[in-house]
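Trainee: I would like to see how this sequence folds:
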Amino acid sequence: MSILKEGVTAPAISAKDQDGKLVSLEEYRGRKVVLYFYPKDDTPGCTKEACAFRDNLPKFKTCGVEVLGVSVDDEKKHKKFAEKFDLPFRLVSDPEKQIVEAYGVWGQKKFMGKEYMGTSRVTYLIDEQGVIEKVWPKVKPEEHAEELLNYLQQKT
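Mentor: All right, here's what the predicted structure looks like:
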């Protein structure tokens with residue numbers, strides 16, 4: 001697993017969101033995008049992270065930034081997760097693992113002594129031209145939305 005570096009063009013995305021609508025990065029051209037990868041819908045850390053993005057979404061919008069969450073869960077799980085926690089942003093479904101592999105976030109993980117393949121919690125900030133502006137390779141779910149906002153507010 002090798003995450004992408006700042007300054008490279010973000011790989012194209014073509015996948016469905018929780019409502020079955022096609023998502024592509026191209027539709028966000030001209031706006032910054034927070035593309036955050038998370039392991040699994042409706043788990044403690046992933047819920048904290050998603051709810052922090054939800055609670056801070058107006059601040060992201062003020063900064064001109066869109067938020068997209070990505071996991072390998074299917075559309076139905078995303079829909080249930082989004083409805084349960086009233087998530088007002090799109091969750092991209094990647095069950096074939098094409099996006100997580102393209103972004104270098106799929107790989108070997110360890111938890112409680114067990115090794116398995118999974119998605120690492122990594123966030124990319126993609127600029128208006130589709131180039132990776134900033135990478136957060138190790139994310140703390142409770143603090144991450146604020147960390148991103150601090151970065152964005154320093155840039156304006």
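Trainee: quick one: residues contacting the nearest residue to residue 102 once chain neighbours are set aside.
Mentor: Nearest in space to residue 102, with sequence neighbours left out and distances taken as CB to CB, 6 or more residues apart in numbering, is residue 11 at 4.0 Å. To be clear about C-beta, it is placed using only N, CA and C from the backbone, and glycine gets the same treatment. Contacts were defined as CB atoms under 8 Å, 6 or more residues apart in numbering; by that measure residue 11 touches 4, 99, 102, 103.
Trainee: just those residues: which are in strands?
Mentor: When those are checked against strands (DSSP state E), there are no matches.
Trainee: farthest-separated two in those?
Mentor: Taking CB to CB as the measure, the contacts of residue 11 span a maximum distance of 11.7 Å, between 4 and 99.
Trainee: neighbour count for those two, which is higher?
Mentor: Regarding residue 4 and residue 99, a neighbour count based on other CB atoms under 10 Å identifies residue 99 as having more, with 24 against 18.
Trainee: sticking with residue 96, tell me its helix or strand.
Mentor: With elements taken from DSSP states H and E, nothing contains residue 96; it lies in neither a helix nor a strand.
Trainee: any idea how far residue 109 is from it?
Mentor: With distances defined as CB to CB, to the nearest Å, the gap from residue 96 to residue 109 amounts to 19 Å.
Trainee: higher neighbour count, those two?
Mentor: The residue with more neighbours, out of residue 96 and residue 109 and counting by other CB under 10 Å, is residue 109; that gives 14 against 10.
Trainee: and the more buried one, backbone torsions?
Mentor: When read as degrees, to the nearest 10, the backbone of residue 109 gives phi -130, psi 160.
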